[in-house]
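S.K.: Quick one: sequence plus predicted model below, questions after.
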Amino acid sequence: MEKDVNPEFGKDAFNCPLCGAYAKQQWSGADGYDMMTSAHGHKVMPTGRIADLAFSRCERCKRNAVWTTSKRIMVYPDKPARTFDTTEVPKEHASDYDEACAVIHLSPKASAALQPKMLAGYTSGARVLRKNTK
């Protein structure tokens, strides 16, 4: 059985956000280069390490995910780094829940802003249930 491990900065192995396979990840930094044009043609000059960028390369598909080192979050591909269980979410709140999950890696505050709407739905449902049981 294939493992289900969410991508996490610095982790040795997880489910690749690009191919979905559980695979070992190879981590590297980012180096910058300038292409200089002169009378003698093009010359590539290294400019040094690019701060705040790292790559995880999947050993299965050989593609790279891009991460920020300061925030320790994945910036490419632009999709959630975690899988979320939606089996316990009532159908009338599923779209709000899905939206909160879709933006949590980009903006935890935006994701949290959807919580009052979902909680209001839960509490109004509880009020209806209480009225019906009296």
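M.R.: Nice, thanks for sending it over.

S.K.: Next up, the contacts around the residue nearest to residue 58 when sequence neighbours are not counted.
M.R.: Excluding its sequence neighbours, the residue lying closest to residue 58 (C-beta to C-beta, 6 or more residues apart in numbering) is residue 16, at 4.0 Å. No exception for glycine: its C-beta is placed from N, CA and C like everyone else's. Taking C-beta atoms under 8 Å, 6 or more residues apart in numbering, we find residue 16 in contact with 7, 22-23, 25, 58, 60-61, 63, 65.

S.K.: And the buried ones among those residues, selectable in PyMOL?
M.R.: Only the buried members of the contacts of residue 16 enter the following PyMOL selection, criterion being 16 or more other C-beta atoms under 10 Å:
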select buried, resi 7+23+25+58+65
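
S.K.: out of the contacts of residue 16, who's nearest residue 94?
M.R.: Closest to residue 94 out of the contacts of residue 16 is residue 7 (23.6 Å), distances taken as C-beta to C-beta.

S.K.: Does the closest one touch residue 17 like I think?
M.R.: Yes: using C-beta atoms under 8 Å, residue 7 is in contact with residue 17, at 5.2 Å.

S.K.: Name the SS class of residue 119, please.
M.R.: Per DSSP: H, G, I helix; E, B strand; the rest coil, the local secondary structure of residue 119 is helix.

S.K.: Kindly report the same for residue 70.
M.R.: Applying three-state DSSP: residue 70 is coil.

S.K.: And the residue nearest to residue 58, how far from residue 77?
M.R.: Computed as C-beta to C-beta, to the nearest Å, the residue 16 to residue 77 distance reads 10 Å.

S.K.: where do the contact lists of these two overlap?
M.R.: Taking C-beta under 8 Å, 6+ apart as the contact rule, the neighbours common to residue 16 and residue 77 are residue 65.

S.K.: Tell me how many other residues surround residue 92.
M.R.: For residue 92, the neighbour count with other C-beta atoms under 10 Å is 11.

S.K.: Same question for residue 26.
M.R.: 13.

S.K.: which residues touch residue 26?
M.R.: By C-beta under 8 Å, 6+ apart, the neighbours of residue 26 are 56-57, 59.

S.K.: Buried only: go through these for me.
M.R.: The neighbour count (16+ other C-beta under 10 Å) marks 56-57 as buried among the contacts of residue 26.
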